[in-house]
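what shape does this take:
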Amino acid sequence: HTITLENAMPPSASLRQEQTDSSVLTVQDHPQMMDYEMYMAELKADTIEYFAAAAKDAVNDRLVVGTYGGYFYMGGGYEFSSSTANVYFQKLLQSENIDFIKSPWMYGLREIGDSGEFMGPVDSAALYGKLWIAEEDSRLNLQEMQEKQDDKSAVGWTRDYQQSLEQLKRNFAYALSKGAGMSFYNLMWNFTDDDQYYGVFQQMYQEMAETISRPENSVADIAVFVDGESNMLIPFEDRLVNSTLHVSVYKEQLKELGHIGATYDTYLLDDLKDGLVPEHKINIFLGTTWISQLERDAIAQQLQKNGNILVWLFTDGISDGTVTDIGLLEELTGMDLSILNTQRKHIAAAVLENTDHWLTTGLRVGNSYGVETYEKMSPVIAITDRTATVLAYHVADNNGVSASHGALAVKDMGDWVSVYSAIPNIPQGIIRNMLSYVDCHIYTDSGSDVIHASTDHIALHSVFAGTRTIRIPEGYGVYDVFHGEAVPVENGEISVTLN
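From the prediction side, this is the model:
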């Protein structure tokens, strides 16, 4: 069949809205969809670049130009997710005409006690010398909301001034630790238009102005990799999208990462391919279903060494962009795997059966983890490698899945350690055990607290009151920015009381 300009048509709306039993699309079965999404994504990136260049040219490069973008982890359906997820996000970062990227804090992770979260790979922006600006549009206590509680929580609604203050401080500390900026979104609802906030804003401004000449360098031992092209493999049905990639793989896993007692960096997988990412001891792949051959080579050369831990979730790397095949996932993980079924019938949950291993120590036999509300996912992948240590198993069903099918395993590969979970959203306790195993700095042992840290700042945020002990890296003194006083360091620790 010959393709010409006359017969090369975009896929029909009915084809784009077709439902599928799989949680991810197979490349060989949807080539027209892949081509269409590549074209549309590149067109959008090129359009942004065109207008950014026009703005720069009109004022002889005297303006700082940026774009709303980086809505990487959010999407409410196939069409929306592939466009706002910025399949060609790296192209915007590489542009000489774009100076900053702007997006709100991630919805669903804003409430008191959550980590707050950038909506995309904030550390990638820094690699290209771009400023990430977090739009502070949390609906604080001044805003009256009639929506149901889950919707209020998703946009950061607070009950009183004290909650609002602590939420703003948390977000500010996160932006500061990443060398990012903040802008306050007020408009007609007057989110922050009150005298009670202005003193805090002044403190924030002064601290950011004083530290702007000092680079905020990362102290993270964990790198989290995300991928633009993988968003093209999101299926068409909204419920599948929300319960897999954009809830369980992104939001829920990021929520767990936010409570590990340490910090982490987030990068595009393309950055690794281009040799821009510094080495980290732990490397977590998040929703990277599509891993190209060049990216596989980069993983082998730059990550699979020095005892580093590599963590694969669900369908990470099951496609290389030309074909979708379980063998590609086996090559990456170094484990024998088997697809049990491809029908969306299986509840995506894993049950821990071995807690004597370093990866699961401190957890309880019988504890389970998985996607939010235990939605159903496919393909169902089982670990069949007899040389790997299986620690958790699938929940049994009547569709060919038994409690003897492995769902979480670890394998020593000699120069590196491979961890594979067939179920997304591994618990914070497992990640914390990885940090301990490779001798990383853990600031706090509390699983309910959030840590944001860099070489210049550290912040602890919690939903609970009480006294906290924070381990401080050797050689550091501590000064409380908001209270304007030194905090004594004793035996490498500080003690703080949260009201």
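
tally of neighbours for residue 186?
Per other Cβ atoms under 10 Å, the neighbour tally for residue 186 reads 13. Quick note: C-beta positions are derived from backbone N, CA and C, even for glycine.

right, I mislabeled it, should have said residue 21
For residue 21, using other Cβ under 10 Å, the count is 15.

again, but for the one 5 residues further on
The local packing count at residue 26 equals 17, with neighbours defined by other Cβ under 10 Å.

for the closest residue to it other than its chain neighbours, grab phi and psi.
For residue 26, ignoring the flanking residues on the chain, the nearest one in space by Cβ to Cβ, 6 or more residues apart in numbering is residue 324 at 4.0 Å. When read as degrees, to the nearest 10, the backbone of residue 324 gives phi -110, psi 120.

quick one: residue 324 from residue 106, how far?
According to Cβ to Cβ, to the nearest Å, residue 324 stands 28 Å off from residue 106.

about what we covered before: does the residue nearest to residue 26 touch residue 317 like I think?
No: counting by Cβ atoms under 8 Å, no contact exists between residue 324 and residue 317, whose distance comes to 10.3 Å.

what ranges do the strands span in the stretch 201-350 of the chain?
Listed in chain order, the strands of the stretch 201-350 of the chain (DSSP state E, counting those that start in this stretch) span 222-226, 265-268, 282-285, 308-313, 337-341, 346-347, 349-352.

tell me which helix or strand residue 433 sits in.
Element membership of residue 433 [criterion: DSSP states H and E] is helix 428-437.

got the buried residues for that helix?
Of all the residues in helix 428-437, those buried under the rule 16 or more other Cβ atoms under 10 Å are 428, 429, 430, 431, 432, 433, 434, 435, 437.

need the contact list for the fifth one.
Translated: residue 432. Residues in contact with residue 432 (Cβ atoms under 8 Å, 6 or more residues apart in numbering) are 260, 261, 262, 442, 447.

who wins for most neighbours among the residues you listed?
Within these, residue 260 tops the neighbour count with 28 neighbours, counted by other Cβ under 10 Å.

show the end-to-end separation of stretch 415-431, please.
This stretch, stretch 415-431, spans 20 Å end to end (Cα to Cα, to the nearest Å).

could you list the low-confidence segments of the stretch 51-200 of the chain?
75-85, 187-189 (pLDDT under 70).

would you map the helices across it?
Per DSSP state H, counting those that start in this stretch, the stretch 51-200 of the chain carries helices over the ranges 78-84, 89-94, 122-127, 149-154, 161-177, 195-211.

run a quick neighbour tally on the nearest residue to residue 423 once chain neighbours are set aside.
In this structure, residue 423 finds its nearest non-sequential neighbour in residue 350, 4.3 Å apart by Cβ to Cβ, 6+ apart. For residue 350, the tally of surrounding residues (other Cβ under 10 Å) stands at 25.

next: residue 467.
8.

chain center to the helix or strand that contains it, what's the gap?
Per DSSP H and E: residue 467 is located in strand 466-471. The chain centroid and the centroid of strand 466-471 are separated by 26 Å under Cα atoms, centre = their mean, to the nearest Å.

which residues are contacting that strand?
For strand 466-471, contacts defined as Cβ under 8 Å, 6+ apart pick out 441-444, 446, 449, 451, 458, 460, 462, 492-498.

follow-up on the earlier one: most neighbours per residue, which of the helices of the stretch 51-200 of the chain?
When those are scored by mean count of other Cβ atoms under 10 Å, the highest mean neighbour count falls to helix 122-127 (a mean of 23).

still on that earlier bit, any buried residues in the strand holding residue 467, and which?
Applying a neighbour-count criterion of 16+ other Cβ under 10 Å, one finds 468, 470, 471 buried in strand 466-471.

give me the sheet partners of that strand and which way each runs.
Using DSSP bridges, strand 466-471 pairs in its sheet with strand 493-498 (antiparallel).

what about the partner strand, average pLDDT?
Across strand 493-498, the average pLDDT comes to 93.

in it, what's buried?
Across strand 493-498, burial judged by 16+ other Cβ under 10 Å covers residue 494.

give me the angle between it and helix 161-177.
150 degrees (axes from the mean of the first three to the mean of the last three Cα atoms, to 10 degrees).

can you tell me what sits against strand 493-498?
With contact meaning Cβ under 8 Å, 6+ apart, strand 493-498 is reached by 460, 462, 464-472, 478, 487-488.

between those residues, which sits nearest residue 268?
residue 460 (28.8 Å; Cβ to Cβ).

strands paired with the helix or strand harbouring the closest one, and their directions?
Using DSSP H and E, residue 460 falls within strand 458-461. With DSSP bridges as the test, strand 458-461 is paired with strand 450-453 (antiparallel).

tell me the mean pLDDT for the strand it pairs with?
97.

how about residue 473, nearest residue that isn't a chain neighbour?
Residue 473 sits nearest to residue 441 (Cβ to Cβ, 6+ apart), 6.1 Å away.

typo on my end, it should be residue 395
Leaving out its chain neighbours, the residue that sits closest to residue 395 by Cβ to Cβ, 6+ apart is residue 349, at 4.7 Å.

from residue 314, how far out is that neighbour?
Relative to residue 314, residue 349 is positioned 13 Å away (Cβ to Cβ).

and residue 267, bridged to which residues?
Assessed by DSSP bridges, residue 267 has beta-bridge partners residue 225.

I'd say it and residue 223 touch.
Yes: assessed by Cβ under 8 Å, residue 267 is found in contact with residue 223 at 6.1 Å.

related to what we said a few turns ago, in what helix or strand does the residue nearest to residue 473 lie?
Per DSSP H and E, there is no helix or strand for residue 441.

give me the distance between it and residue 3.
55 Å.

what do you get for residue 226?
For residue 226, the distance to residue 3 - Cβ to Cβ - is 32 Å.
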